[in-house]
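> show me how the following folds:
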Amino acid sequence: MARKNFKRSIIVARYKHCGGRCEGVLENGTRCYAVVKPGAYECDHDDPDGLTGEPTFENARILCIPCHAEKTKDDVAAIAKAKRREANHVGAFIPPKRKIAVRPFPKRPRKLRIELAPLQRRGVYEARIAR
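Residues are numbered from 1 along each chain as shown. Below is the predicted model:
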């Protein structure tokens, strides 16, 4: 799938809309209000481009560089997971290139129950019977 970038008019309109502030959301759920200077920001897809994100005004976000790096890291993982899920759905399974390694040492033989010593009787049980 080809990457869809934003048109210049959408980027300009989104920058004016945000008022020169980052539109990123921090880990604690609050908004990052970092001031973004012209040219020192990234126009990012809110819904990732690899996951049906269209280049529209509503899907655009102006992010400072640190917020964009964090969001991109999460987006890359989500896109890769979606691709793996789609490949599994259509049955595109690639077998492993080598055999799984076997255990390098022999298994220890288990002791049979017959070889174990018998359990001793409990004194409490015998005391109740004697009464």
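> can you map out the helices along the protein?
Using DSSP state H, the helices of the chain run over 8-18, 65-89, 123-130.
> which one of these lies nearest to residue 58?
The minimum distance between residue 58 and those falls on helix 8-18, with 9.6 Å, by C-beta to C-beta. (Glycine included, C-beta is placed from N, CA and C.)
> mean confidence for that closest one?
Per-residue pLDDT over helix 8-18 has a mean of 92.
> quick one: buried residues of that helix?
Within helix 8-18, the residues that count as buried by 16 or more other C-beta atoms under 10 Å are 10-11, 14-15, 18.
> contacts for it?
The contact list for helix 8-18, computed with C-beta atoms under 8 Å, 6 or more residues apart in numbering, reads 6, 36, 38, 41, 43, 55-57, 60-62.
> please repeat the previous calculation with a cut-off of 7 Å.
Where contact means C-beta atoms under 7 Å, 6 or more residues apart in numbering, the residues beyond helix 8-18 that reach it are 43, 55, 57, 60, 62.
> so can I have CSV of the residues you listed showing distance to residue 92?
As requested, the contacts of helix 8-18 are exported to CSV (distance: C-beta to C-beta, whole Å):
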residue, distance to residue 92
43, 33
55, 28
57, 36
60, 33
62, 37
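> next, the contact list for residue 82, please.
Applying C-beta under 7 Å, 6+ apart, the residues contacting residue 82 are residue 51.
> returning to what we had before: can you redo the helices of the chain as CSV with distance to residue 100?
Output for the helices of the chain, formatted as CSV (distance: least, C-beta to C-beta, whole Å):
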stretch, distance to residue 100
helix 8-18, 50
helix 65-89, 20
helix 123-130, 51
